[in-house]
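S.K.: missing the sequence, but the structure's below:
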């Protein structure tokens, strides 16, 4: 199955729609992690969930706090705390963080990146 089909995106989607979709994919997994964890990792997963929810809301036009994009840290958590134990979730988080970082700096997603997901 092509990557674009697996992720549910297509070439007719706007950049904002692609951004919202990719961040929402990570958010859904984060919500699962919050639901099943009652250990010491729960606060980290809740932080990730909250930051991803902000991103989805931002890309869907429900929140306009652009400055908050510069304060997100879930990408660092993905690399430092999650990647070794859950590489698939870490990959989703790194994609969402890339999207957030590009947006924070007023840049569009790279054409090659979009081509890989559409």
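M.R.: Perfect, thanks for sending it. What you see is a predicted model; the values in this text were computed from it and never measured.
S.K.: so is residue 54 in a helix, a strand, or just coil?
M.R.: Classification of residue 54 using DSSP: H, G, I helix; E, B strand; the rest coil returns helix.
S.K.: Kindly report the same for the one 10 residues further on.
M.R.: Each residue gets one of three states, and residue 64 gets coil by three-state DSSP.
S.K.: In contact with the closest residue to it other than its chain neighbours, which residues?
M.R.: Leaving out its chain neighbours, the residue that sits closest to residue 64 by C-beta to C-beta, 6 or more residues apart in numbering is residue 58, at 7.3 Å. In this view, the C-beta of every residue, glycine as well, is placed from N, C-alpha and C. Applying C-beta atoms under 8 Å, 6 or more residues apart in numbering to residue 58 gives the contacts 64, 65, 66, 68, 69, 103.
S.K.: Repeat that for residue 19.
M.R.: Residue 19 touches 55, 59, 99, 103, 109, counting by C-beta under 8 Å, 6+ apart.
S.K.: Output those residues in JSON lines; the columns should cover neighbour count.
M.R.: Converted to JSON lines, these look like this (neighbours: other C-beta atoms under 10 Å):
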{"residue": "55", "neighbour count": "26"}
{"residue": "59", "neighbour count": "23"}
{"residue": "99", "neighbour count": "23"}
{"residue": "103", "neighbour count": "20"}
{"residue": "109", "neighbour count": "19"}
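S.K.: Among the residues you listed, which are located in strands?
M.R.: Secondary structure from DSSP state E places none of the contacts of residue 19 in strands.
S.K.: Name all residues that make contact with residue 79.
M.R.: Applying C-beta under 8 Å, 6+ apart, we find residue 79 in contact with 90, 94.
S.K.: For it, report the pLDDT, please.
M.R.: Looking at residue 79, its pLDDT stands at 94.
S.K.: Now the spatially most central residue of the chain: which helix or strand?
M.R.: Centroid-nearest residue in the chain, with C-alpha atoms, centre = their mean: residue 96, separated by 2.5 Å. Element membership for residue 96, per DSSP states H and E: helix 87-104.
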